[in-house]
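**Q** Give me a 3D structure for the following:
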Amino acid sequence: MTPAALVAELQARGVTLRPDGETLRVRPVSKVAPEELEALRRHKAEVLRLLTAPRRSDPAVPDDSARRAATFKAQLAAWVGSGRCSVPLLVLPDAPTPREGRCVSCGATLGDAAAWRCPVCVAAVRLALEGRP
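**A** Below is the predicted model of the structure:
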């Protein structure tokens, strides 16, 4: 799993990830599996970068949505530029192959069996589609 997908998955489960200088604070740690903690340690620099990246100022938009929306907007522009008339799937470049129970855009585990995108990716798709018919 990519660092971005891991962050999205943990946040979707209610885990708070907070940078504190060069330290990553994880609360509650009881919601994080040992292999996820190890992945956070291995990818700490990237996770800290993701958490400290500039964010959209709207507090209603989940963390990381602005970065994902920029990626999705670029995919839409390329799609439209190619002459296609449908809407592309909108998937992060480092996302795993889509599978049941996982976000189709980033790979995060979904809590809702009827959902196919995590809340962060849903917000990003909405931002990417703003103003489009």
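**Q** Run through who's touching stretch 68-87.
**A** 88, 90-93, 105-106, 120-121, 123-125, 127-129, 132 (CB atoms under 8 Å, 6 or more residues apart in numbering). Placement of C-beta: from N, CA and C, glycine included.
**Q** The residue lying closest to residue 48 once chain neighbours are set aside: what's it in contact with?
**A** Distances taken as CB to CB, 6 or more residues apart in numbering place residue 19 nearest to residue 48, at 5.1 Å, with adjacent residues excluded. For residue 19, the contact set (CB under 8 Å, 6+ apart) comprises 25, 48, 51, 52.
**Q** Give the other helices and strands that the one helix or strand the first one maps to contacts.
**A** Put plainly, it is residue 25. Using DSSP states H and E, residue 25 sits in strand 23-27. For strand 23-27, the packing partners by 3 or more CB pairs under 8 Å, 6 or more residues apart in numbering; DSSP states H and E come out as strand 16-20, helix 34-42, helix 44-52.
**Q** Good, wrapping up.
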